[in-house]
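Colleague: Just to be clear, the model below is a prediction. Sequence and coordinates:
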Amino acid sequence: MSDLITEDILKQELGGISDPDLGLTLYDLDAIKKIKIDNNLIEVFLELIQPIQWSVQKINDACVNVLGSIAPGYESEISFSEKPVNNSDRQILKNVKNIIAVASGKGGVGKSAVTSNLAGALSLMGAKVGVLDGDVYGPSQPTMFGLEKQPINAVESPDGKIIAYPNEKYDIKVASMGFILDRDEAAIVRGPMLAGYFSMLFEQIEWGPLDFLLFDLPPGTGDIQLTLTQKIPLTGAVIVTTPQEISLADVRRSIAMFRRVNVDILGIIENMSYFTPPDMPDKKYHIFGQGGGKTVAKENEINFLGEVPLDIRMREGNDSGKPIVFENNAQAGVFKNITSQLVTEVRRLNYSKLELVETQISI
Ligand SMILES: Nc1ncnc2c1ncn2[C@@H]1O[C@H](COP(=O)(O)OP(=O)(O)O)[C@@H](O)[C@H]1O
Ligand SMILES: [Mg+2]
């Protein structure tokens, strides 16, 4: 049997494996770039829709399985690469594959805390991650990453341009309005000046290549948010809310804002969903109401990415500069699950854009 193994047969068999995020086969996705049979070794080169970090293990296992049954006695080696992203329409941040705004209709719902933990979960999976803290009046990422009072590193290039470098912690790059302005200065900054500061953040920060840039937007749906969502080439947005009705009214405004400027909404995360006292692990107290995030997601046909419980250690982690996702506990697991859902949505969106690009080329 093994004498009859050809590259075509392998391509056909492996082509039937499905990419679970997209519900399409490797054949449909044109993912099999090359197969090499050399003596006892089968090498397979796959190209997947990015980000690929969450999919390689599953697809690798499925390939090894198929090869084990049709080509027993052969060793196999599966290599993964990413389908190139077309960012040619971008004026800025060309090196960043996915730019995701994290938004909330109002402050205090845990947007920044959620952002820091999503960033941590993405980084733990091996993605290159940056966090841009756009909250001028209440920048909190420096605290959440233990980077308070770190000046931003800036150099002047030979042509007189200022280039600034983000700070770094846990392998995550962090830039914040808080590195540029202190609280007293920020309080007097208004409209046009603010636009200038943001241009500085977007145009002068040298992030280097990133898989994800998470943009912690200032809370609300006013002019600042609208300008920012138009100015930055966003892949999509995530909306954070608490479960009660009063927050949901704000979520609806956020949804309307993103839809008005044609930004895809990748999902809704409900934070502070319930509290489980550590000494009563079977109890769930729905302090801020129940199920609101899910309802508003359904009502607007948006993905519900998950519920984040209230957890004292999460607050402590954010206050002390180490997001809880870096610990080994249930709350860290919650963020890893939500992040994996988010990544699925990003991949689906990137796939739909790829199709769009191909169609445009063929016209
Ligand atoms: N699920 C949670 N459990 C415990 N504390 C939380 C949770 N989410 C947020 N917090 C805490 O609540 C406070 C407000 O959160 P923050 O992320 O700063 O809100 P926002 O950015 O929406 O204004 C912070 O001290 C944060 O650590
Ligand atoms: Mg915040």
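Modeller: Yep, it's here. Numbers count the residues shown, from 1 in each chain. Ligands and ions are numbered 1, 2, ... in the order given.
Colleague: Contacts for the helix or strand where Q230 lies, please.
Modeller: Element membership for Q230 (DSSP states H and E) is helix 223-231. Helix 223-231 is contacted from outside by 101, 103, 134, 136, 191, 194-195, 198, 202, 215, 217-218, 237, 257-258, 260-261, 263, using Cβ atoms under 8 Å, 6 or more residues apart in numbering. C-beta here means a position set from N, CA and C on the backbone, and glycine is covered the same way.
Colleague: Show the backbone phi and psi for G146.
Modeller: phi 60, psi 40 (degrees, to the nearest 10).
Colleague: follow-up on the earlier one: ok now the helix holding Q230, how far from the chain's centre?
Modeller: 20 Å (Cα atoms, centre = their mean, to the nearest Å).
Colleague: per the record, what domains does this protein have?
Modeller: 2-82, 96-361 (automatic domain parsing).
Colleague: Need the winner for burial among those domains.
Modeller: Greatest average neighbour count among the domains of the chain goes to domain 96-361 (a mean of 19), per mean count of other Cβ atoms under 10 Å.
Colleague: on that earlier part again, make JSON lines out of the domains of the chain and add mean pLDDT.
Modeller: Converted to JSON lines, the domains of the chain look like this (pLDDT from 0 to 100):
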{"stretch": "domain 2-82", "mean pLDDT": "94"}
{"stretch": "domain 96-361", "mean pLDDT": "90"}
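Colleague: For whichever residue of the stretch 101-250 of the chain sits closest to ligand 2, give me its contacts.
Modeller: Closest residue of the stretch 101-250 of the chain to ligand 2, Cβ to the ion: S112 (3.2 Å). With contact set as Cβ under 8 Å, 6+ apart, S112 has these partners: D133, D135, S140, Q141, M144, D216, N318.
Colleague: what packs against the longest helix seen in the chain?
Modeller: Longest helix in the chain, counting residues (DSSP state H): helix 330-362. When contacts are defined as 3 or more Cβ pairs under 8 Å, 6 or more residues apart in numbering; DSSP states H and E, helix 330-362 sits against strand 96-103, helix 111-124, strand 236-241, strand 265-275, strand 304-310.
Colleague: let's see 6 Å
Modeller: If contacts are counted by 3 or more Cβ pairs under 6 Å, 6 or more residues apart in numbering; DSSP states H and E, helix 330-362 sits against helix 111-124, strand 304-310.
Colleague: Pipe the ones you listed into CSV and attach distance to K33 per row.
Modeller: Output for the helices and strands packed on helix 330-362, formatted as CSV (distance: least, Cβ to Cβ, whole Å):
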stretch, distance to K33
helix 111-124, 26
strand 304-310, 32
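Colleague: residues in the stretch 1-150 of the chain within reach of ligand 1, list them.
Modeller: S104, G107, G108, V109, G110, K111, S112, A113, S140 (Cβ under 6 Å from any ligand atom).
Colleague: Just give the closest residue to the last one, not the sequence neighbours.
Modeller: If you skip the residues right next to it in sequence, S140 has S112 as its closest partner in space, 4.4 Å away by Cβ to Cβ, 6 or more residues apart in numbering.
Colleague: Strand partners (parallel or antiparallel) of the helix or strand hosting V174?
Modeller: V174 is part of strand 172-176, with elements assigned from DSSP H and E. When pairing is defined by DSSP bridges, strand 172-176 lines up against strand 129-133 (parallel), strand 167-169 (antiparallel).
Colleague: end to end, how far does stretch 62-81 reach?
Modeller: 17 Å (Cα to Cα, to the nearest Å).
Colleague: to the chain's geometric centre, what's the distance from it?
Modeller: For stretch 62-81, the distance to the chain centre is 31 Å (Cα atoms, centre = their mean).
Colleague: what's the spacing between the closest residue to E245 other than its chain neighbours and ligand 1?
Modeller: Using Cβ to Cβ, 6+ apart and skipping the chain neighbours, the partner closest in space to E245 is G292 (6.5 Å). Distance check for G292 against ligand 1: by Cβ to the nearest ligand atom, to the nearest Å, it reads 15 Å.
Colleague: If anything else comes up later, I'll come back, but that's it for now.
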